[in-house]
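Take a look and give me a structure for this.
(one chain, ligands or ions: 1)
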Amino acid sequence: MSTLLQITSSITGDNSQSTALSNEFVARWKTQHPDGKVVLRDLAAEAVPHLDGARLGALFTPADKRTPAQQAVVDYSDELINELRNADVIVLGAPLYNFGMPSTLKAYFDHIARAGVTFRYTANGPEGLLPDVPVYVFATRGGHYAGGPADWQLTTFLNFVGFKQVETIYAEGLALGDDSKAKGINAAQERINQLTAA
Ligand SMILES: Cc1cc2nc3c(=O)[nH]c(=O)nc-3n(C[C@H](O)[C@H](O)[C@H](O)COP(=O)(O)O)c2cc1C
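Modelled structure (predicted):
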């Protein structure tokens, strides 16, 4: 049985374009995988805490030296990582907020990057340790930023932990008037059609 992990990070609920587009992709996937399982990680509904000194300390403390509170931090990080490990395909809703990813998505990534668990340094440079499954990123933006730093932030992180098959589906120009918005959404929907063509 195939498992799709859908990660959403928009704070605008039912008005979210990235969630709506990723939902369209997931709906198509479901029709193609009737026995497939969809796991939803909604980072707005259940925010991942910021990585602070205490949490980072917990992640660095050897298992036999952890306090119960530190163990809970590690268990939580493990749970997030295991969701990624168990996925055959990952769908990520990634709005652009103030020139970057939503802070909740950054906090999530901060709990995923674990030396020796999701990446390691080798003589040849860093090596990602998560299974290399396809990741479809739904990038929604008010303006036009494709190919710039907002993309590098996402793909660099995903590549770093092992995901090399990252496909970004753009819906851009969403704040530049109705025509521009429709064009941006249509372009994303066309890409979804191509990607999910049987
Ligand atoms: C808090 C906030 C910050 C935003 N910052 C930017 C920005 O820096 N650049 C941009 O092009 N659009 C920006 N936008 C517009 C969003 O990228 C756009 O509304 C997009 O649809 C967000 O995805 P969502 O609908 O899934 O939340 C911002 C929107 C919000 C709510």
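
now stretch 4-17: how far from the chain's centre is it?
Using C-alpha atoms, centre = their mean, to the nearest Å, the distance from the centre of stretch 4-17 to the centre of the chain it belongs to is 11 Å.

ditto for stretch 62-82
The gap between where stretch 62-82 is centred and where its chain is centred comes out at 21 Å by C-alpha atoms, centre = their mean.

Show residues contacting that stretch.
With contact meaning C-beta atoms under 8 Å, 6 or more residues apart in numbering, stretch 62-82 is reached by 41, 48, 54-55, 57-59, 61, 108, 111-112, 114, 117-118, 130. Bear in mind the C-beta positions are built from the backbone N, C-alpha and C, glycine included.

in it, what counts as buried?
For stretch 62-82, the neighbour count (16 or more other C-beta atoms under 10 Å) marks Arg66, Gln70, Val73, Val74, Ser77, Leu80, Ile81 as buried.

For it, what does the pLDDT average out to?
For stretch 62-82, the per-residue pLDDT values average out at 98.

Give me the buried subset of the contacts of stretch 62-82.
Neighbour-count burial within those applies to Arg41, Val48, Arg55, Ala58, Leu59, Tyr108, His111, Ile112, Arg114, Val117, Thr118, Leu130; the criterion is 16+ other C-beta under 10 Å.

Return the subset of those residues lying in strands.
Of these, the ones assigned to strands by DSSP state E are Arg41.

Show me which residues of the protein sit near the ligand.
Residues of the chain lying near the ligand by C-beta under 6 Å from any ligand atom: 10, 12, 16-19, 95-99, 140-143, 174-175.

Identify those among those residues that sit within strands.
Pro95, Thr140.

where does the most centrally placed residue in the chain land in three-state SS?
Nearest to the geometric centre of the chain sits Leu92, at 4.0 Å (C-alpha atoms, centre = their mean). Under DSSP: H, G, I helix; E, B strand; the rest coil, the three-state class of Leu92 is strand.

Perfect, I'm done here.
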